[in-house]
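*Asks:* Build me a model:
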Amino acid sequence: MVTGKLDNVVQRLRKTILRLDGAGLSDGQLLDCFIAERDEAAFEALVRRHGPMVMGVCQRLVGHFQDAEDAFQATFIVLSRNAAAVVPRESVGNWLYGVAYRIALRARATRTRRRSREKQVKDMPHPQTETTATWRELEPLLDEELNRLPDKYRLPIVLCDLEGRTRRDVARQLNLPDGTLSNRLATGRRLLAKRLRDRGFVLAGAALAAALSQNALSASGPAPLVVSTVNGAIVIAVGRVAASGVISAKVAALAEGVLRAMFLSHLKVAGVALLLAAVVLGTVAASSRRTAAGEGAGPPGRGGTNPAAAAEPAPLQPEKPAEEAPGPKVPAAVSSDKKLRAAAEGNSFSVFDAGTGRLMIKSEVHTGAVTALAFSPPASELLASGSADKTVLVSDLSERATGRPVHRLKGHAGAVTALAFSPDGKTLASGGADKTVRLWDSATGKEVRVIEGKDVIGSLSYSADGRTLTAKEGAKGSRAWDPTTGKEVPAGKEGP
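*Replies:* Below you'll find the predicted structure:
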């Protein structure tokens, strides 16, 4: 009993310290706490730490205090839904600035449409500050040009000028020498001042920094707003958005709009990468065929073709799989009948009709980023999703509205990095950062076998007859096993 009370006191003390100043933890450490445990205190510390900067962006762009508060809430809702997408973790401030900018633009557009017949006398009925006409004219241009700066110059301005943090503190967080941070900050201010000067506003670097800092100080959100934002974000993060009632429909619409845009952006990047890979592979194949044809033809007037060369044309170079093409990898899968496709974003995945592009299922069942997807053959009734939360979920696609999870498979000691169903769909293979391959019964969810690898499992594939399971392991090449015995077999060889 005494131990239990003491534990409760320690937990309350920890939460109080976290909420006040983050307990000395960096942005990355706080974000990891939230991703791993949905730690409310860690998330609140991030809101309090970056809230004034986010509110400043929203106030400058939206032009109305209540709408700015809605944009503020929506920004942190997006963080709670997509926290795993913040890479590197210490760039939370920069990531939030970008999200706040996009949401504020949406909120401003919505407000403009709503009040298109009304003449605006004041841009910001803010209860605490009065801005000059010059500053009001500069505000939207400031964020527009700041958003266009390269990340390495924008991040120091966001943290030092917009958030008012010391250079030493920022340099320590970003793991940069003080001199490097100072140079990037000065360069960023100089670039920003030049871009503003090109648009008719002359501000020296020091004056610009002072203006940014002063505006940031006046932009802190009221305490009730912080509390309601944290409550709403936590409720949504654990998947109870429908029953929550803690955020308005306007906030939900703003957040959902930006999340959808981010998701489509990921799909576009993946599509471009696959298209480039296809073009490169097609060029290599065509070049190889031309080379083979050229070697088979003899010089004119000297005996025609070379019979040996014609009989044995030069072999084509092996084609590099499209999924190994350069560029960011977005977990995705296509069903064996080509009718469905799935794609991941953050801790969720979506299933689309491959023919029409219509969204059929949106599932948020993982607590970490979704890192692998695989459809079951041949009817594609199941979709397996692996995650950084170390689990594999098997969802029933016959439940078209929800994609109801039927099995949660636990066993990996690290993130799940690869998935593959056997050709008959009866067995699911999963590979992980823990260097193991695990085989599961698709129908029961029972673990059937564990195979020890030598490196992180990058991909998994079954042979056509299902008798060989091949894994790509880090930089060590490929290994193959007989899945019925777990014994290693020569890579590329069909099972007995």
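
*Asks:* Would you map the strands across the stretch 301-450 of the chain?
*Replies:* With DSSP state E, counting those that start in this stretch as the criterion, the stretch 301-450 of the chain has strands at 332-334, 340-345, 348-353, 359-363, 370-375, 382-387, 391-396, 405-410, 416-421, 427-432, 436-441, 447-452.

*Asks:* For Arg148, which of the ones you listed is the nearest?
*Replies:* Nearest to Arg148, of all the strands of the stretch 301-450 of the chain, is strand 340-345, at 24.5 Å by C-beta to C-beta. Bear in mind the C-beta positions are built from the backbone N, C-alpha and C, glycine included.

*Asks:* what does the closest one contact?
*Replies:* Here strand 340-345 makes contact (C-beta atoms under 8 Å, 6 or more residues apart in numbering) with 82, 85, 259, 262-263, 266-267, 270, 330-335, 349-354, 360, 369-371, 373, 375, 380, 383, 385, 397.

*Asks:* picking up where we left off before, just put the strands of the stretch 301-450 of the chain in a markdown table and tack on mean neighbour count, distance to His64 and mean pLDDT.
*Replies:* Shown next, in a markdown table, are the strands of the stretch 301-450 of the chain (neighbours: other C-beta atoms under 10 Å; distance: least, C-beta to C-beta, whole Å; pLDDT from 0 to 100):
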| stretch | mean neighbour count | distance to His64 | mean pLDDT |
| --- | --- | --- | --- |
| strand 332-334 | 18 | 40 | 86 |
| strand 340-345 | 23 | 30 | 85 |
| strand 348-353 | 20 | 31 | 84 |
| strand 359-363 | 17 | 31 | 80 |
| strand 370-375 | 24 | 37 | 90 |
| strand 382-387 | 26 | 39 | 90 |
| strand 391-396 | 22 | 42 | 89 |
| strand 405-410 | 16 | 42 | 88 |
| strand 416-421 | 24 | 45 | 92 |
| strand 427-432 | 25 | 49 | 94 |
| strand 436-441 | 20 | 53 | 95 |
| strand 447-452 | 15 | 56 | 93 |
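
*Asks:* Can you add distance to Trp481 and give these back as a markdown table?
*Replies:* Listed next are the strands of the stretch 301-450 of the chain as a markdown table, based on distance: least, C-beta to C-beta, whole Å:
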| stretch | distance to Trp481 |
| --- | --- |
| strand 332-334 | 22 |
| strand 340-345 | 27 |
| strand 348-353 | 28 |
| strand 359-363 | 31 |
| strand 370-375 | 18 |
| strand 382-387 | 19 |
| strand 391-396 | 19 |
| strand 405-410 | 19 |
| strand 416-421 | 12 |
| strand 427-432 | 10 |
| strand 436-441 | 7 |
| strand 447-452 | 6 |
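
*Asks:* Nearest to Ile236, out of these?
*Replies:* Nearest of the strands of the stretch 301-450 of the chain to Ile236, taken as C-beta to C-beta: strand 348-353 at 11.5 Å.

*Asks:* Kindly tell me how buried Gln29 is, as a neighbour count.
*Replies:* By other C-beta atoms under 10 Å, the residues close to Gln29 number 15.

*Asks:* and it, what is it in contact with?
*Replies:* Taking C-beta under 8 Å, 6+ apart, one finds Arg89 in contact with Gln29.

*Asks:* quick check, it in a helix?
*Replies:* Yes. Counting by DSSP: H, G, I helix; E, B strand; the rest coil, Gln29 falls inside a helix.

*Asks:* Arg89 versus that one, what's the distance?
*Replies:* Using C-beta to C-beta, to the nearest Å, Gln29 is found at 8 Å from Arg89.

*Asks:* Same question for His50.
*Replies:* The gap separating His50 from Arg89 is 14 Å, by C-beta to C-beta.

*Asks:* These two: which is more packed in?
*Replies:* Neighbours per residue, other C-beta under 10 Å: of His50 and Arg89, the larger number sits with His50, 25 against 17.

*Asks:* Settle this for me: the more buried one is touching Glu163, isn't it.
*Replies:* Yes. Here His50 reaches Glu163: they are 6.8 Å apart, a contact under C-beta atoms under 8 Å.

*Asks:* what ranges do the helices span in the chain?
*Replies:* Counting by DSSP state H, the chain has helices at residues 2-21, 27-37, 40-62, 65-82, 92-114, 133-148, 151-156, 167-174, 178-198, 205-217, 223-237, 241-244, 249-296, 307-311.

*Asks:* what about the second one, average pLDDT?
*Replies:* In this model, helix 27-37 carries a mean pLDDT of 86.
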